[in-house]
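Trainee: Structure for the following, please:
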Amino acid sequence: MIQATSITKSFGPVQVLKGIDFQAADKEVISIVGASGAGKSTLLQILGSLSRPDTGKVLIDGTDIFSLSSNNLADFRNRKIGFVFQFHHLLPEFTALENVMIPALIARKGTAEARRQAADLLSSLGLGERMEHKPSELSGGEQQRVAIARAVINRPGVILADEPSGNLDSNTKRDIHQLFFDLRDRFGQTVIIVTHDRGLAAMSDRMLEIRDGLFYN
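Mentor: Numbers count the residues shown, from 1 in each chain. Predicted coordinates:
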């Protein structure tokens with residue numbers, strides 16, 4: 001599902017990624033661990049097409065993503081990649097339901113269909129009674145579930161999660177990580193999780209460690 005070869009990335013004089021090779025199989029859950037500054041989030045942003053590498057190539061489901069035009073890349077990203085971040089990035093003026101609907105509307109689904117799919121997802125994630133609440137009225141764990149529902153509404157082949165449980169208590173952390181496995185089983189997605197928590201990373205099918213811009217075995 002994902003194949004990245006010879007990925008390098010520098011910020012000024014600092015080379016953050018030094019020739020990363022990475023592969024993720026269809027329906028695989030992979031955790032990437034490492035110290036702050038090791039390059040985990042930079043790699044995730046490149047895999048998600050949010051940042052371009054200095055050198056190297058990324059193929060997702062056979063598509064060379066950085067060969068696409070800006071408009072085609074934005075469309076590909078919306079359809080094929082779901083993002084989950086540590087700080088949710090929910091729009092505060094919209095309800096949970098409306099936040100989840102947004103990617104579907106961008107993908108030009110009808111409003112009624114987007115609403116139905118968003119409601120079904122939120123109900124399946126235990127938020128059936130909370131979907132008309134705004135983010136400020138939800139707990140941290142509830143907000144993250146809304147963010148996950150938003151990430152999967154277009155049924156992308158890839159989910160990229162950057163410290164998705166970093167601000168949560170221990171029990172909620174484990175629930176959120178288990179949720180990625182449940183979604184993989186339900187929708188058949190490939191999931192890449194960046195985390196500092198090695199215990200939670202050990203739940204994954206495979207755990208990789210980045211040190212000084214390279215994977216360490």
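Trainee: From here on, just use CA atoms for contacts and neighbour counts.
Mentor: Will do.
Trainee: how much space between the residue most central in space within the chain and Leu43?
Mentor: Residue closest to the mean C-alpha point of the chain, counted by CA atoms, centre = their mean, is Leu160 at 2.2 Å. Per CA to CA, to the nearest Å, Leu160 is found 11 Å from Leu43.
Trainee: Thr190 touches Arg184, doesn't it?
Mentor: Yes. Counting by CA atoms under 8 Å, Thr190 does reach Arg184; the two are 6.8 Å apart.
Trainee: Looking at the two, which one has more neighbours?
Mentor: Shown here are Thr190 and Arg184; by other CA atoms under 10 Å, Thr190 has more neighbours (24 against 20).
Trainee: and the gap between that one and Val16?
Mentor: Thr190 is 25 Å from Val16, where distance means CA to CA.
Trainee: The residue nearest to the centre of the chain falls within a strand, correct?
Mentor: Yes. Assignment of Leu160 by DSSP: H, G, I helix; E, B strand; the rest coil places it within a strand.
Trainee: how about the strands of the protein, start to end?
Mentor: Taking DSSP state E, the strands of the chain run over residues 2-11, 14-24, 29-33, 55-60, 63-64, 81-85, 158-162, 190-194, 206-211, 214-216.
Trainee: what are the C-alpha coordinates of the third one, in PDB please?
Mentor: So the one you mean is strand 29-33. The C-alpha coordinates for strand 29-33 follow below in PDB (Å, rounded to 0.1, in the frame of the first residue of the first chain):
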ATOM      1  CA  VAL A  29      -0.800  -1.400  11.400                       C
ATOM      2  CA  ILE A  30       2.700   0.000  12.000                       C
ATOM      3  CA  SER A  31       4.000   2.200  14.800                       C
ATOM      4  CA  ILE A  32       7.000   4.500  14.500                       C
ATOM      5  CA  VAL A  33       8.800   5.400  17.700                       C
END
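Trainee: and the angle for that strand with strand 158-162?
Mentor: If you take axes from the mean of the first three to the mean of the last three CA atoms, to 10 degrees, strand 29-33 sits at 30 degrees to strand 158-162.
Trainee: As TSV, the strands of the chain with mean pLDDT and distance to Asp75 would be great.
Mentor: Output for these, formatted as TSV (pLDDT from 0 to 100; distance: least, CA to CA, whole Å):
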stretch	mean pLDDT	distance to Asp75
strand 2-11	94	18
strand 14-24	93	22
strand 29-33	92	24
strand 55-60	94	14
strand 63-64	93	13
strand 81-85	87	10
strand 158-162	91	14
strand 190-194	92	19
strand 206-211	92	29
strand 214-216	86	30
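Trainee: could I get those strands as CSV with distance to Ala151?
Mentor: Listed next are the strands of the chain as CSV, based on distance: least, CA to CA, whole Å:
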stretch, distance to Ala151
strand 2-11, 18
strand 14-24, 19
strand 29-33, 16
strand 55-60, 17
strand 63-64, 20
strand 81-85, 4
strand 158-162, 7
strand 190-194, 11
strand 206-211, 22
strand 214-216, 27
